[in-house]
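Undergrad: please find the sequence and the predicted model below.
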Amino acid sequence: MTKELFCAKEQLITNHEGSVDSNGEFVFTCITKGCNSFLKFPASVSPKDFKVLLEKHEAANKGQVSVEIQEKKLKELMGVK
Amino acid sequence: MAATFAFDRDHGTQTGSPTKGTTRSTGVTDVNWKNSDTEATAYSAAPITAGNNSYENWLFGHFSGTFNQILAGLFAHTATAFGTGLTLKGTPACTGDGDRLLYTTPSATTNAALTTDMTTAVSIGSGVAVFFGATGPEATGKAASMATNPCYTNYLTTQLQTTGSAAAGDTATVTLTLQYQEN
């Protein structure tokens, strides 16, 4: 099962695969190639709380400037391979 | 003269109102996410099994010494990437006194109040806002700048969450930065 969620690493809405882990917690893993970042929610989360938490997650993480991405851009700007 | 800075950490059962830890460790130098809330327990003696989480780490900043004001606080993971299967969740931005996290007894259950995804190293300018106040990290009255001495940040709480794909062994050594200005 997949769901579109905001991925903090990709800074995009991406497809996440949902699963239940061995502790009964809910794990949503970004299936964008090479990403594999994930979001976890407690076993007790209600559908209503889940929606609120997703909104908070997107608001809290939108606009992060990744050091890794900026360093890659710097190399491109400087013509370094 | 300048402010003297230290990272401190709360542990144990939540107590008081506003809540804080039963014990407080001062001058801590590492976070060491682990399957324990005991300061003296080495991370190697309390490893996180892949698929589980660390206990929450209730870190905060503590200022003493000589200063007029502490202000403009930011907190972020600023260097070195985590491996696959690891997510670092952290405190939300504190842009009002009501935003500060209230201490809860540390556990390995996913803490949904930690809404900031700190897995990727970011520029400190992308860090979450930190407020300052008197008495302790738990106390009310946090503000963007503070002249009280000693002075404390809000809780800079983090939790390392993992999936079964996390590799065995130590994680990469990452850098968490608290940036502030003083005058």
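TA: It's in.
Undergrad: quick one: the strands in the chain?
TA: With no chain named, the answer covers chain A. Using DSSP state E, the strands assigned to chain A run over residues A:2-7, A:12-20, A:26-30, A:38-41.
Undergrad: let's do chain B instead
TA: Secondary structure of chain B by DSSP E: the strands cover B:3-11, B:23-28, B:57-65, B:70-79, B:86-90, B:116-117, B:128-130, B:132-133, B:145-146, B:151-153, B:156-162, B:175-182.
Undergrad: between those, which one is closest to B:G96.
TA: Closest approach to B:G96 among those (Cβ to Cβ): strand B:128-130, 9.5 Å. Yep, even glycine has a C-beta here, placed from its N, CA and C like the rest.
Undergrad: packing partners for the closest one?
TA: Judged by 3 or more Cβ pairs under 8 Å, 6 or more residues apart in numbering or on different chains; DSSP states H and E, strand B:128-130 is in contact with strand B:70-79.
Undergrad: what residues sit buried inside the strand it packs on?
TA: Buried residues in strand B:70-79, counted by 16 or more other Cβ atoms under 10 Å in any protein chain shown: B:I70, B:L71, B:G73, B:L74, B:F75, B:A76, B:H77, B:T78.
Undergrad: measure the fourth one to chain A for me?
TA: For B:L74, the distance to chain A equals 12 Å [Cβ to the nearest Cβ, to the nearest Å].
Undergrad: grab the nearest non-local neighbour of the residue in chain B that chain A sits nearest to.
TA: Among the residues of chain B, B:D117 lies nearest to chain A; the distance is 3.7 Å by Cβ to the nearest Cβ. Distance criterion Cβ to Cβ, 6 or more residues apart in numbering or on different chains; nearest residue to B:D117, sequence neighbours excluded, is A:A8 at 3.7 Å.
Undergrad: what's the closest of the buried residues of strand B:70-79 to B:A143?
TA: Distances from B:A143 to the buried residues of strand B:70-79, taken by Cβ to Cβ, are shortest for B:L71, at 8.9 Å.
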